[in-house]
Every structure is written in C-alpha cells, then in structure tokens.
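Asker: Here you go, sequence then predicted model.
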Amino acid sequence: MPVTVRATTPADLDIFVTTLHAAFGRFPDRPDEDGSGVFWSALEMDRNLLAVTADGRAVGTAAGYSFELTLPGGGRIPTTGVTNVGVVPSHRRRGVMTALVRRQLADLRARGEHVAVLLAMEATIYRRFGYGPATFTRRLSVPRARAGFDETRRGVPVGTGSIEVLRRQDCVAALEEVYDRHRRRRTGALDRPHRWWALGAGHPPVSREPRWIGLHRDADGRPDGYVSYRLEDGVLLVDETISTDDGVHEALDRFVLGHDLVREVVLQDAPSDHPLRWQLLDHDAVASSGDEAWLWVRVLDVVGALGARAWSADGDLVLQVEDPFLGETARYRLDVTDGRARCAPTGCEPDLTLDVADLGSLYLGGVSPRELLRAGRITARDRSVVQRAEAMFRTERAPWSHHIF
Ligand SMILES: CC(=O)SCCNC(=O)CCNC(=O)[C@H](O)C(C)(C)COP(=O)(O)OP(=O)(O)OC[C@H]1O[C@@H](n2cnc3c(N)ncnc32)[C@H](O)[C@@H]1OP(=O)(O)O
C-alpha cells in the first residue's frame, strides 16, 4: 500500500507520539503539564515527518532535532539529529521507512546541511541509507579495591581545584555551562540546546531523574567539570564525566574511584581513547566492554563537508564517492594546505573509492582509512595513497559524542 510522507505541525504531536510508540511497542509517557519531563519533550514538531496511508492512517514517523556538531579543528556546523524513526508493526517491510528517509534526506539537503547524524537502534539498519558509524564508546569497569592511581607517573596533574557534591537539580545551570564549553572543543560532540536543559528532556543529567553530581571548580571557583552518577547495590554508575581539561577529568575519575561503600565503578559510554588503564597502578584492573558505535554520520554534501573540517596533514586526494541510496557517484579532488581544504568535483582518476557511508565513518577522524581498506570497504590506487589519507583524516583525539536524542 503506497504511503504519503508529509511534514508535521505542532497540531500533530499526539498522533506523532502515538504512532512512534506503537512502532516501539511501548505506551507513551506523558510529559508534565509544562511539556517537560520525558526524553522526547524537545521534539521540534515543525521538523518531523509522518507517513500516512491512502485511507489517512499514520503508520510511520521520523524526527529531526537541530544541533551543532563540532568538527576536527574546532569548526562547528549545523546538523540534524535524526531520530524517532518508527513504522507500526502492521506496515513493516513495505518501504515505509525508505520513503521517510528519502524525503528526510531531500529536506536536509534543501536546508543546506553538510551532514546528518543519528544514534542507531540496530547497527544493521542504517548503512543502506548512507550512514556510517563515526564515534565510539565503551564501558569501563574497575573494582574499587584495584583502583589505585600510579603516583609515580611523570605527568600526574597537580590539582588546584575542588569538588563539591550536589544534587542535579541544584546545579543545572553549571552543568549546562560546563557541557557547552566541553562540546565546543570536543570533535564529534553535539550541543545540548538550552531548551533540552529547561525541559529536562533527554537522559541524565539533562533529564530530571535524580543524580548526584561531583562538580569540579577551578582555583577561582569557576565550574570546569562534572561527573553525574548514582549508586546501585554497591556499584557506582557514571552517566558521563565532562570537562575541558585532562587534569580535571582525572580529578573526577579519582573522585568516583575513591567513593566509599562501592565495590565497583562503571564508566558508562566512556570515550574509546580514555587513558584510565595507563593511569592506574594495576593496568589490568580496567575491564572494557560494550564497545559500540555512538554517532552515525551521513554526508549530504561532500564538497561542503570536506571543506568545513580541518585536516591533520597537507596533501591532495581524489575520492570517488558512491551513494547507492541516492543513485549518485562523483569524484572530488581534495587539496589541503595548512590544514584547510579546498574540495571540488573532478574528472581525475580516483586515489580512493568508497561508499558515502564509509566517508561518514572517516569524516570525524575516528576511523582509520587503513582499517577500512583491510576490511575491504574501500579501495586504493596504491599504498602511498592510504598512508597519505591516514595522515590527513587523523585527529589528535578520538571523536566522542554523548548527547542521547
Ligand atoms: C535513528 C532511529 O530512530 S533508530 C530507531 C529505529 N526504529 C526502530 O527500531 C523501531 C522498530 N522498528 C521499526 O519501526 C521498523 O522496523 C524500521 C523503522 C526499523 C524499518 O521500517 P520498515 O518500513 O520496515 O523499513 P523498509 O521496509 O523501508 O526497509 C528498508 C530496508 O531496511 C531493511 N530493514 C528494515 N528494518 C531492519 C532491521 N531492523 N534490521 C535490518 N534491516 C532492516 C529492510 O529489510 C529493507 O531492506 P531492503 O531495502 O534490502 O529490502
């Protein structure tokens, strides 16, 4: 049965939420009277889509949030966080999602956006639509009894700040401000618009669920980091540790790893390059699990996207980018001088040939071209090209994203 995809308005909120929850098999929570209090409260109803059957039944949804994404080199671009894609079980596998995604990608291109991003429910769904996994997280668990820091390291930070334990609701403004400073500097991070904090939308510590916050302040008393956590049956679970400085980050890690009445500390969704095991006396005390993709990137405009980020090495590359979902193939010449790129369509022979989803994976510098070559995902003219690509795409730190939307 053919469906029509149409944009929603605020008047569609109820039908949007009901259809979405039917797709997920859940009953919709209702937000508080002021519109706050559940993760989807920050929906932008002028940006969402509904798939409707010929007899007027809503059977599918897709949403977009307006975010800003931090790129390698610190540039920031507007991007859409795609989410709430759902098709009611009675209408699956008939192309409803495909119709929603096709319309959404066209809309996002019309807005002039270079990339779209999403968090995937299942890693098998989104590659076909041109999204590639681009940032990664892992779960780090440490038995507290083995959590001693190695004080003989050459670079043990000299802490001049302090940590205060507060309830989440008593320091929201400080959390918002610290997060905002962090995300402007961290490649792969998304902003958390004020509206999310004001509504308590999203997940802790943005949402209003009770949390303890270790708020770090510098020597002048200015907040410059925090850790959001709770204790469950002797396990201290960290939602996120946010700071703009490695020394502050270590101070916050020391704080949770030194907490009394705790058997184990779990850093959920930690960056993939967290140096914790190199900071402890017992290298093997840190168990890493749950390695997974977090942010998936979909390049919409190759010229705009490649021109917007900074590059770690100068050089030139010709990329052939294949986009089977949109039925497009094109070659682009990338010329990098002093870390900035000029990118333009070309007719030259390609150095690298890759799917647009793999370009999305490489874009933020969190995935190595060599690894994709070894995996058979990209092809290269010769080895020297891969070395050059490796040096150019690389970023100093792994990109990390931790906004749940
Ligand atoms: C960013 C986010 O919102 S993540 C949340 C995604 N939503 C959910 O998981 C909610 C529960 N699931 C659903 O609502 C639906 O099954 C959806 C949205 C995942 C898919 O909707 P459908 O309308 O059935 O997809 P559609 O018929 O367009 O299928 C497109 C292709 O994706 C494939 N596909 C669809 N769902 C899945 C899946 N869960 N895993 C792997 N492949 C899938 C289909 O087989 C089809 O492949 P083909 O083109 O080779 O034939």
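Answerer: Nice, thanks for sending it over.
Asker: Would you mind listing what in the stretch 1-150 of the chain touches the ligand?
Answerer: 23-24, 82-87, 92-98, 118, 120-122, 124-125, 128 (CB under 6 Å from any ligand atom). C-beta: built from backbone N, CA, C; applies to glycine.
Asker: Just the buried ones out of the residues you listed, please.
Answerer: 23, 82-87, 96-97, 118, 120 (16 or more other CB atoms under 10 Å).
Asker: Pick the one among the residues you listed closest to Pro2.
Answerer: Using CB to CB, Val96 is the member of those that sits closest to Pro2, with 9.8 Å.
Asker: Go ahead and confirm the closest one touches Val59.
Answerer: Yes. Look at Val96 against Val59 with CB atoms under 8 Å: they come within range, at 6.0 Å.
Asker: tell me, what's touching those two both at once?
Answerer: Listed as contacting both Val96 and Val59 by CB atoms under 8 Å, 6 or more residues apart in numbering are 3, 51, 87.
Asker: Not counting sequence-adjacent ones, nearest residue to the second one?
Answerer: Leaving aside its chain neighbours, Ala51 sits nearest to Gly60 (3.3 Å; criterion: CB to CB, 6 or more residues apart in numbering).
Asker: Tell me if the one you found really is in a strand.
Answerer: Yes. Note on Gly60: a strand contains this position according to DSSP: H, G, I helix; E, B strand; the rest coil.
Asker: sorry, back to before: so which of the shared contacts of Val96 and Val59 sit within strands?
Answerer: In strands, judged by DSSP state E, the following of the shared contacts of Val96 and Val59 are found: 3, 51, 87.
Asker: now the residues you listed in JSON lines, with pLDDT?
Answerer: Below are these laid out as JSON lines (pLDDT from 0 to 100):
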{"residue": "Val3", "pLDDT": "96"}
{"residue": "Ala51", "pLDDT": "98"}
{"residue": "Val87", "pLDDT": "98"}
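Asker: residue at max distance from the center of the chain?
Answerer: The C-alpha centroid of the chain is most remote from Asp55, which lies 37.8 Å away (CA atoms, centre = their mean).
Asker: Mind checking what secondary structure that residue has?
Answerer: Following three-state DSSP, we place Asp55 in the coil state.
Asker: how far away is it from Leu319?
Answerer: Noted for Asp55: a distance of 46 Å to Leu319, by CB to CB, to the nearest Å.
Asker: now Ala380
Answerer: Using CB to CB, Ala380 is found at 11 Å from Leu319.
Asker: returning to what we had before: so which of the shared contacts of Val96 and Val59 is the closest to Gln104?
Answerer: Using CB to CB as the measure, the one of the shared contacts of Val96 and Val59 that approaches Gln104 most closely is Ala51, at 10.9 Å.
Asker: Any idea what the closest one is bridged to?
Answerer: The residues listed as beta-bridge partners of Ala51 by DSSP bridges are Val5, Gly60.
Asker: In contact with it, which residues?
Answerer: For Ala51, the contacting residues are 3-5, 58-61, 87, 96, 99-100, taking CB under 8 Å, 6+ apart as the criterion.
Asker: Can you tell me which of these has the most neighbours?
Answerer: The member of these surrounded by the most neighbours (other CB atoms under 10 Å) is Thr61, with 29 neighbours in all.
Asker: With adjacent residues omitted, what lies nearest to that residue?
Answerer: Leaving aside its sequence neighbours, Thr61 is closest to Leu20 (4.5 Å, by CB to CB, 6+ apart).
Asker: Make sure I have this right: that neighbour is in a strand.
Answerer: No. According to three-state DSSP, the state of Leu20 is helix, so it is not within a strand.
Asker: Is it in contact with Thr83, as I believe?
Answerer: No. Judged on CB under 8 Å, Leu20 makes no contact with Thr83 at a distance of 9.7 Å.
Asker: how does the protein divide into domains?
Answerer: Per automatic domain parsing, the structural domains of the chain span 3-113, 137-291, 302-393.
Asker: Give me the pLDDT for the residue nearest to Ala51.
Answerer: On pLDDT, Gly60 comes in at 98.
Asker: Please report the distance of it from Arg93.
Answerer: Distance from Gly60 to Arg93, counting by CB to CB: 12 Å.
Asker: picking up where we left off before, closest to Val297 out of the shared contacts of Val96 and Val59?
Answerer: Looking at these and their distance to Val297, the nearest is Val87, at 23.2 Å (CB to CB).
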